[in-house]
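A.B. asks: Fold the following, please.
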Amino acid sequence: MRRRACLVFTVIAFQPNSASAGTVHYSKQAYLFASFDVPRDAVSTPQHDTFTVKRKGQEIILHFDASTPHFDEREVTCGRGYLAYKIDRQDIFAYSCKIGPQISYGVTKYGKTYKVGASEATEEIAFTIDYPTWQKSYWDPVIAHIVRSLRFEHQERE
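C.D. replies: Modelled structure (predicted):
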């Protein structure tokens, strides 16, 4: 008796997640000489440098900074975790650490604003976030959007 090999294809239909990163809406924000997008449901602190997003029972904090550093600090330590990746170029420094059930991400962009009162030194704008690894598929595209939107607000010298 001869047996035939039979292939069975199973089609699984997934309902799109209404809160997926692809459907995130953003609002433009500014802090000192930095501008950036944050998810529209992010709540700002009075200083406008920190935002909180509540997602699936987790409170995620997005922190932004703009400064004229006294020295160029391009180091990262992941504590008890490990460095997943690091980019170190003249105009950008970015890293991602996996620390237990959390991912810690940071990026610093370097440039000049030419704002009145700014130094002639290179200035920096930065963004950091910590989020649970189980939310990686949501946060990774959101973070990519935020990093692309992170810009210096330039002003002509007077």
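A.B. asks: Now for the chain, the helix or strand with the poorest mean pLDDT.
C.D. replies: Across the helices and strands of the chain, the lowest-confidence element by mean pLDDT, DSSP states H and E is strand 151-152, at a mean of 90.
A.B. asks: Run me through the strand neighbours of that one, direction for each.
C.D. replies: strand 34-39 (antiparallel) (DSSP bridges).
A.B. asks: what does the average pLDDT come to for the partner strand?
C.D. replies: Across strand 34-39, pLDDT averages out at 95.
A.B. asks: Would you map the helices across this structure?
C.D. replies: Using DSSP state H, the helices of the chain run over residues 136-149.
A.B. asks: show me the contacts for the residue most central in space within it.
C.D. replies: For the chain, the residue nearest the mean C-alpha position is I143 (3.3 Å; C-alpha atoms, centre = their mean). Residues counted as contacts of I143 (C-beta atoms under 8 Å, 6 or more residues apart in numbering) are Y105, I129. The way it works is simple: take the backbone N, C-alpha and C, and place the C-beta from them, glycine included.
A.B. asks: Make residue 1 into 9 and carry on from there
C.D. replies: Happy to do that; since the first residue is 9 now, the last one works out to I151.
A.B. asks: Any figure for the gap between it and S157?
C.D. replies: Distance of I151 to S157, given as C-beta to C-beta, to the nearest Å: 11 Å.
A.B. asks: ok, how many other residues are close to the closest residue in space to K64 that isn't next to it in sequence?
C.D. replies: Leaving aside its sequence neighbours, K64 sits nearest to Q143 (C-beta to C-beta, 6 or more residues apart in numbering; 7.0 Å). Here the number of neighbours of Q143 (other C-beta atoms under 10 Å) works out to 17.
A.B. asks: Next: the one 4 residues further on.
C.D. replies: Using other C-beta under 10 Å, W147 is surrounded by 22 other residues.
A.B. asks: K144 now?
C.D. replies: 12.
A.B. asks: wait, it sits on P109?
C.D. replies: No. Counting by C-beta atoms under 8 Å, K144 stays clear of P109, with 10.8 Å between them.
A.B. asks: so Q37 touches Q55, yeah?
C.D. replies: No. Using C-beta under 8 Å, Q37 makes no contact with Q55, being 11.8 Å away.
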